[in-house]
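Visitor: coords below, sequence missing:
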Ligand code: G6P
Ligand code: MG
């Protein structure tokens with residue numbers, strides 16, 4: 001019986017993956033290599049630092065710590081410039097209605113995202129007030145698939161993970177949710193999210 005619902009942000013509530021992709025692609029191009037949408041799948045749900053490590057591995061590039069940090073910062077600058085233009089209309093179909101429906105049933109709601117830009121995105125989408133707790137990339141040390149983000153989110157709601165359901169679009173996120181002890185609803189394709197307890201194409205499928 002669900003007492004709490006914990007939502008990933010990117011790919012579940014809003015499609016920011018395309019903006020992450022464009023910013024990573026432009027960094028790769030500056031560095032002289034191609035970066036495809038298929039490559040981008042590997043970055044979904046993964047922290048900024050880990051994403052850059054993967055990207056540089058794809059490009060066969062080594063960078064010292066200072067250069068690495070400058071690259072991460074330059075990607076984030078471009079990404080933030082694009083999400084600054086986000087409109088409330090870009091909330092994925094059914095997401096807002098589903099959150100409101102859960103709230104009206106007395107279910108507590110948390111955000112569990114790897115992004116350090118999560119609060120900014122929620123404010124742009126004008127849905128910050130629908131969350132009882134926000135656990136984001138600024139508040140956790142270990143990135144998904146580590147369960148830390150979801151364990152923190154349940155405890156911020158005052159709940160046991162086993163009474164919470166995690167909603168995730170990334171493979172690493174589904175693994176993190178399962179490892180935390182929660183049930184997991186995968187958002188996307190059953191092939192990629194085979195470890196989830198249930199897979200739906202989007203939150204709209206859950207609205208009653
Ligand atoms: C989410 C996205 C990842 C992104 C990560 C960090 O999990 O799915 O693609 O790398 O957040 O985002 P940030 O906004 O902190 O760079
Ligand atoms: Mg995601």
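Guide: Alright, I've got the coordinates. Everything numeric in this text was worked out from a predicted model, so none of it was measured. Ligands and ions are numbered 1, 2, ... in the order given.
Visitor: residues from the protein in reach of ligand 2?
Guide: Taking C-beta under 5 Å from the ion as the criterion, the chain approaches ligand 2 at residues 8, 10-11, 45, 169-170. To be clear about C-beta, it is placed using only N, CA and C from the backbone, and glycine gets the same treatment.
Visitor: closest one of those to residue 29?
Guide: The nearest member of those to residue 29, counting by C-beta to C-beta, is residue 10 at 22.0 Å.
Visitor: what about the closest one, how many residues nearby?
Guide: Applying other C-beta atoms under 10 Å, we find 22 residues neighbouring residue 10.
Visitor: likewise for residue 143?
Guide: Residue 143 is flanked by 19 other residues according to other C-beta under 10 Å.
Visitor: that one contacts residue 46, doesn't it?
Guide: Yes: the criterion here is C-beta atoms under 8 Å, and residue 143 meets it with residue 46 at 6.5 Å.
Visitor: what's the overlap in contacts for the two?
Guide: Shared contacts of residue 143 and residue 46 (C-beta atoms under 8 Å, 6 or more residues apart in numbering): 114, 172.
Visitor: quick one on the thing from earlier: just the residues of the chain next to ligand 2 that are near ligand 1?
Guide: Among the residues of the chain next to ligand 2, the ones lying near ligand 1 by C-beta under 6 Å from any ligand atom are 10, 45, 170.
Visitor: pLDDT wise, what is residue 46 at?
Guide: On pLDDT, residue 46 comes in at 87.
Visitor: contacts only, for the nearest residue to it once chain neighbours are set aside.
Guide: Once flanking residues are discounted, residue 46 sits nearest to residue 172: 6.0 Å by C-beta to C-beta, 6 or more residues apart in numbering. Residue 172 makes contact with 44-46, 143-145, according to C-beta under 8 Å, 6+ apart.
Visitor: over to residue 133?
Guide: Here residue 133 is in contact with 108-111, 153, 156-157 (criterion: C-beta under 8 Å, 6+ apart).
Visitor: need these in TSV (columns: distance to residue 186).
Guide: Output for those, formatted as TSV (distance: C-beta to C-beta, whole Å):
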residue	distance to residue 186
108	21
109	18
110	18
111	17
153	17
156	23
157	21
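Visitor: and the strands in this protein, which stretches?
Guide: 4-7, 108-112, 133-135, 164-168, 183-187, 198-200 (DSSP state E).
Visitor: counting by contacts, list what the first one packs against.
Guide: With contacts defined as 3 or more C-beta pairs under 8 Å, 6 or more residues apart in numbering; DSSP states H and E, strand 4-7 has these neighbours: strand 108-112, helix 148-156, strand 164-168.
Visitor: export these to JSON lines and tack on mean neighbour count, distance to residue 74 and mean pLDDT?
Guide: Output for the helices and strands packed on strand 4-7, formatted as JSON lines (neighbours: other C-beta atoms under 10 Å; distance: least, C-beta to C-beta, whole Å; pLDDT from 0 to 100):
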{"stretch": "strand 108-112", "mean neighbour count": "26", "distance to residue 74": "26", "mean pLDDT": "98"}
{"stretch": "helix 148-156", "mean neighbour count": "23", "distance to residue 74": "26", "mean pLDDT": "98"}
{"stretch": "strand 164-168", "mean neighbour count": "27", "distance to residue 74": "28", "mean pLDDT": "98"}
